[in-house]
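Participant: coords below, sequence missing:
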Ligand SMILES: NC(=O)C1=CN([C@@H]2O[C@H](COP(=O)(O)OP(=O)(O)OC[C@H]3O[C@@H](n4cnc5c(N)ncnc54)[C@H](O)[C@@H]3O)[C@@H](O)[C@H]2O)[C@H](O)CC1
Ligand SMILES: [K+]
């Protein structure tokens, strides 16, 4: 249960204090942290004979000294590297350093050069980082990153803000990160994802009772969660059961966006897909998607669009919509309906330019730039606290929000946010958002609630991107490469639910 829970640094401080109080001795946690670190290092690099442990002045450094002592006792050649003028500063860390020295350990002060090492352990800074690394700390981090030696980060790669995932200055690039007690929200989203490498959790024997007063700020979703989240299809289902999605967009020059959104809606399991777009795109759309029903919409926007809006279950609004008169007229018509909407791309830009009230069951799917426009702030401010930005979007617009990007955040009123622990840099290409918009609309049309459809859609989209990248590489990944994977990953392994045994 706790493994999926993501916590703020404040919550982790409470958790540590609760556990230490129950144990009667905080040093127990530190010794367990050192032990967990040593066991992981052995598992990952069993041949490593020379181990350098960079230890900072705080308890993260204390964990490092504990690991160093165990590695020393196991016959490894261990060097603890400390920063000039930053000897262990806390009682716990001093005791851990003393135990290492008593065991014959060697301590060196960093002088700009790294000792010989097969593996480097980053125990410089953990959840106590309070500002961008500078001075000797920054120099040591740069030396570690330049060394091309495997790095194991304890609790958090030094230099990363464990609550928000921002990297305010130099930060360690780890091969593996071993988190203690519970997972940190900041290591699941944003710039941190380029630093953590493979993440592991050592709960140090924390117990449910220790979580009193400790609430997660988010929970993470991984690809293996998919089967439990996917809606079951009944044997006797027919197209009417699986929702009617109306995709609205594709102004001149942007036909591809509405085709991608429409195909994703079909691959996401929609029973029927109508497409309201420019006449010029209808032939290409139907040749690629004969299953879709394409409707040419011209200015002035006629009652035909109103009929389509009246008969659909959900509107995918925005892919290739543009912000000219045609797009604005379709946007206004769609916002006048009572059906749930998934609003993306220029639909979001039009919303930012002329705010209109939304319904609680609407879904917004902004990337950081669109989120910045919707919040009236900068992209840097959105990315500096992605969870916070998603929360502010929910507060401002009162509906479900999918803040895309590395570690997509899904937030909604009265819900604990979800962070999608899937996806890859190959997905940072135009059109991926159109696929997500159509997919989320399809899931919404199959009866999932707004938050559930957004979570499942974002997870399925990212997992499909990972599967496509694993199969043929991340570079050159195209949105259309996701389509077969949306279908493969979007079907629960068991056969459709038999109503006789429902
Ligand atoms: N809560 C847990 O999950 C556990 C915590 N343990 C380990 O303890 C660290 C947190 O220790 P703390 O002493 O609070 O902070 P740090 O060791 O991360 O270092 C902070 C230390 O460094 C100074 N500092 C902060 N920012 C900078 C900077 N930019 N440049 C220079 N110096 C800086 C600050 O003043 C502090 O003195 C946690 O991560 C775990 O590894 C337990 O051992 C296990 C459970
Ligand atoms: K660290």
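Facilitator: Perfect, thanks for sending it. Bear in mind the structure is a predicted one, so any value in this text is a computation, not a measurement. Numbering: from 1, shown residues only. Ligands and ions are numbered 1, 2, ... in the order given.

Participant: and the closest residue to residue 183 other than its chain neighbours, what's its pLDDT?
Facilitator: Leaving aside its sequence neighbours, residue 183 sits nearest to residue 6 (CB to CB, 6 or more residues apart in numbering; 5.2 Å). Yep, even glycine has a C-beta here, placed from its N, CA and C like the rest. pLDDT for residue 6: 97.

Participant: for burial, what's the neighbour tally of residue 6?
Facilitator: 27 (other CB atoms under 10 Å).

Participant: partner strands of the one helix or strand it maps to and their direction?
Facilitator: Residue 6 is part of strand 5-7 when elements are defined by DSSP states H and E. As defined by DSSP bridges, the strand partners of strand 5-7 come to strand 183-184 (parallel), strand 218-221 (antiparallel).

Participant: now do that strand: everything it contacts.
Facilitator: Applying CB atoms under 8 Å, 6 or more residues apart in numbering, the contact partners of strand 5-7 are 15, 182-185, 188, 214, 216-220, 419.

Participant: low pLDDT regions in the stretch 151-300 of the chain?
Facilitator: 234-235 (pLDDT under 70).

Participant: any chance you could map the helices in it?
Facilitator: All helices of the stretch 151-300 of the chain, identified by DSSP state H, counting those that start in this stretch, fall at 226-229, 255-267, 282-288.

Participant: what is the last one packed up against?
Facilitator: In this case it means helix 282-288. Counting contacts by 3 or more CB pairs under 8 Å, 6 or more residues apart in numbering; DSSP states H and E, helix 282-288 packs against helix 255-267, strand 293-296.

Participant: what's around the residue of the stretch 201-350 of the chain found nearest ligand 1, how many residues?
Facilitator: Closest to ligand 1 within the stretch 201-350 of the chain is residue 204: 6.0 Å, counting by CB to the nearest ligand atom. Per other CB under 10 Å, the neighbour tally for residue 204 reads 21.

Participant: the chain should start at 817 in everything you say after this.
Facilitator: That works, and once the first residue is 817, the last one we named lands at residue 1020.

Participant: who's in contact with the helix or strand where residue 924 lies?
Facilitator: Applying DSSP H and E as the criterion places residue 924 in strand 922-925. When contacts are defined by CB under 8 Å, 6+ apart, strand 922-925 is touched by residues 894, 895, 896, 897, 898, 899, 900, 913, 916, 917, 931.

Participant: report the buried members of the residues you listed.
Facilitator: 894, 895, 896, 897, 898, 899, 913, 916, 931 (16 or more other CB atoms under 10 Å).

Participant: in strands only, show me the residues you listed.
Facilitator: Among the buried ones among the contacts of strand 922-925, the residues falling in strands (DSSP state E) are 894, 895, 896, 897, 898.

Participant: possible to save these as JSON lines with distance to ligand 1?
Facilitator: Shown next, in JSON lines, are those (distance: CB to the nearest ligand atom, whole Å):
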{"residue": "894", "distance to ligand 1": "18"}
{"residue": "895", "distance to ligand 1": "19"}
{"residue": "896", "distance to ligand 1": "14"}
{"residue": "897", "distance to ligand 1": "15"}
{"residue": "898", "distance to ligand 1": "12"}
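
Participant: ok, those residues vs ligand 2, which is closest?
Facilitator: Closest to ligand 2 out of those is residue 897 (12.9 Å), distances taken as CB to the ion.

Participant: wait, doesn't the closest one sit right on residue 956?
Facilitator: Yes - the criterion here is CB atoms under 8 Å, and residue 897 meets it with residue 956 at 7.3 Å.

Participant: the residue of the stretch 1017-1166 of the chain found nearest ligand 2: neighbour count?
Facilitator: In the stretch 1017-1166 of the chain, the residue found nearest to ligand 2 is residue 1018; the distance is 13.5 Å by CB to the ion. Residue 1018: 19 surrounding residues under other CB under 10 Å.

Participant: follow the chain on from the lengthiest helix in the chain and name the next helix or strand.
Facilitator: In the chain, taking DSSP state H as the definition, the longest helix is helix 1266-1288. Tracing the chain past helix 1266-1288, the next element assigned as helix or strand by DSSP H and E is helix 1299-1305.

Participant: residues making contact with that following helix?
Facilitator: By CB under 8 Å, 6+ apart, helix 1299-1305 touches 1039, 1042, 1079-1080, 1083-1084, 1251, 1255, 1276-1277, 1279-1281, 1283-1284.

Participant: repeat that for 7 Å
Facilitator: 1042, 1079, 1080, 1083, 1084, 1255, 1276, 1279, 1280, 1283, 1284 (CB atoms under 7 Å, 6 or more residues apart in numbering).

Participant: and for stretch 1066-1079?
Facilitator: Contacts of stretch 1066-1079 (CB under 7 Å, 6+ apart): 1063, 1065, 1089, 1091, 1093-1094, 1096-1097, 1100-1101, 1104-1105, 1108, 1132, 1135-1138, 1140, 1142-1143, 1161, 1247, 1250-1251, 1253-1254, 1295-1296, 1299.

Participant: swap in 6 Å and give it another go.
Facilitator: Residues outside stretch 1066-1079 that contact it (CB atoms under 6 Å, 6 or more residues apart in numbering): 1063, 1065, 1089, 1091, 1093-1094, 1097, 1101, 1104-1105, 1108, 1132, 1135-1136, 1138, 1142-1143, 1247, 1250-1251, 1253-1254, 1295, 1299.

Participant: tell me the mean pLDDT over the helix or strand following the strand holding residue 822?
Facilitator: Next along the chain after strand 821-823, taking DSSP H and E as the criterion, comes helix 825-839. If you average the pLDDT over helix 825-839, you get 96.

Participant: mind listing what's buried along helix 825-839?
Facilitator: Neighbour-count burial for helix 825-839 [16+ other CB under 10 Å]: 825, 827, 828, 830, 831, 832, 834, 835, 836, 839.

Participant: can you narrow the residues you listed to ones near ligand 1?
Facilitator: Filtering those for neighbours of ligand 1 using CB under 6 Å from any ligand atom leaves 828, 832.

Participant: quote the end-to-end distance of stretch 1279-1298.
Facilitator: By CA to CA, to the nearest Å, the extent of stretch 1279-1298 from end to end equals 9 Å.
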